[in-house]
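[1] Quick one: sequence and predicted model below, then my questions.
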2 protein chains.
Amino acid sequence: MGHRRLTRRTIEKYPEDQLFTFSVGGMRPFGELAFEILGMGLPSLIGVVTGEWRKAEDIHLKDIKSKAQLLERWDDATKELENLWKKVTPELLQKEDVAFGQWPGINYSLLLYVIDNEIHHRGQGFVYLRALGIEPPHFWER
Amino acid sequence: MGHRRLTRRTIEKYPEDQLFTFSVGGMRPFGELAFEILGMGLPSLIGVVTGEWRKAEDIHLKDIKSKAQLLERWDDATKELENLWKKVTPELLQKEDVAFGQWPGINYSLLLYVIDNEIHHRGQGFVYLRALGIEPPHFWER
């Protein structure tokens, strides 16, 4: 949740007209990296808890066209994550599953991968902000 | 250890003449971000295991002047981390301490912070590589 709050603050720092257009070195803009984070976070926890693996395409991220819509979707997913987390038991975390029907592994390892991926792409979003002359949020503030 | 291997591969991708000079948006070059990672990783684990908190300055990172020296120091620290990790017990991970005499917290939380910080800065190193026209290593390969 601390990481989600920090990523939310990172999205907020972007000027509307740069969020889905600006990038460095031919990479994806931060708005698209946020789509990837949204497409992995909640769908992974749903998969871990229910055993049903929803594809990122099924949650229609491409319908998001503005910063306000992105933040709204972000907050909705955060609420769902908070509710679902109550159902996560130590046994469930140690359970093996095949994430999204493709990646076999232990659930806790999948969830750490998803968080690592968010940190990784958010760090990239920090560089874009610096390249735009905007100070990113504090990494240590969660 | 998977993250350390990936960060090592990231260092390896840098041309010698860009490692300590190139950056984006006025940020620190990747060589300096690697100093930060080196200054936090092993010193934090030493602190957790022994209760002695060594400052980053004390490990003389500024003596490192080349990519070869950086990789050598990286590998030395990796070996020490592997050895020290054998002394980490569940009880030690749950213990409270004041990291580096400054940051109170629970040991596992500190260690996760250190790993998160490595992921964060390595992600930034990926952007620099892209800006240099160099393909970064695969994030999922550990």
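    Good, I have the coordinates.

[2] same for the top helix by length along chain A, what does it pack against?
    Criterion DSSP state H: the longest helix present in chain A is helix A:107-131. Helix A:107-131 sits against helix A:2-13, helix A:30-50, helix A:90-94, strand A:96-99, helix B:107-131, with contacts defined as 3 or more Cβ pairs under 8 Å, 6 or more residues apart in numbering or on different chains; DSSP states H and E. The C-beta positions use only the backbone N, C-alpha and C, and glycine is treated the same way.

[3] Any residues of chain A in contact with chain B? List them.
    When proximity is defined by Cβ under 8 Å from any Cβ of the partner chain, chain A lies next to chain B at A:3, A:24-27, A:113, A:116-117, A:119-124, A:126-133, A:139-140.

[4] follow-up on the earlier one: got the helices and strands packed on helix A:107-131 as a markdown table, with mean pLDDT columns?
    Output for the helices and strands packed on helix A:107-131, formatted as a markdown table (pLDDT from 0 to 100):
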| stretch | mean pLDDT |
| --- | --- |
| helix A:2-13 | 98 |
| helix A:30-50 | 96 |
| helix A:90-94 | 96 |
| strand A:96-99 | 95 |
| helix B:107-131 | 98 |
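
[5] need the ones you listed in CSV with distance to B:Thr7 and mean neighbour count, can you?
    Converted to CSV, those look like this (distance: least, Cβ to Cβ, whole Å; neighbours: other Cβ atoms under 10 Å in any protein chain shown):
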stretch, distance to B:Thr7, mean neighbour count
helix A:2-13, 19, 17
helix A:30-50, 20, 21
helix A:90-94, 26, 11
strand A:96-99, 24, 15
helix B:107-131, 5, 21
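
[6] how about these, which one is nearest B:Trp74?
    helix B:107-131 (11.5 Å; Cβ to Cβ).

[7] could you list every residue that touches A:Leu33?
    A:121-122, A:124-125 (Cβ atoms under 8 Å, 6 or more residues apart in numbering or on different chains).

[8] For chain B, see how far away the residue lying closest to A:Gly125 once chain neighbours are set aside is.
    In this structure, A:Gly125 finds its nearest non-sequential neighbour in A:Phe30, 4.2 Å apart by Cβ to Cβ, 6 or more residues apart in numbering or on different chains. Taking Cβ to the nearest Cβ, to the nearest Å as the measure, A:Phe30 falls 11 Å from chain B.

[9] next one: A:Leu92
    19 Å.

[10] I'd say that residue and A:Gly47 touch.
    No: when contacts are counted by Cβ atoms under 8 Å, A:Leu92 is not listed as touching A:Gly47 (11.0 Å).

[11] ok, the residue sitting nearest the centre point of chain A - contacts?
    For chain A, the residue nearest the mean C-alpha position is A:Ile37 (2.4 Å; Cα atoms, centre = their mean). Counting by Cβ under 8 Å, 6+ apart, A:Ile37 makes contact with A:7, A:117-118, A:121-122.

[12] Which of the residues you listed lies at the shortest distance from A:Thr78?
    A:Thr7 (10.0 Å).

[13] Just to check, the closest one is in contact with A:Glu118?
    Yes: if you go by Cβ under 8 Å, A:Thr7 and A:Glu118 touch, sitting 6.0 Å apart.

[14] just to revisit the earlier point, quickly note the distance from the residue nearest to A:Gly125 to B:His120.
    In this view, A:Phe30 and B:His120 are 15 Å apart by Cβ to Cβ, to the nearest Å.
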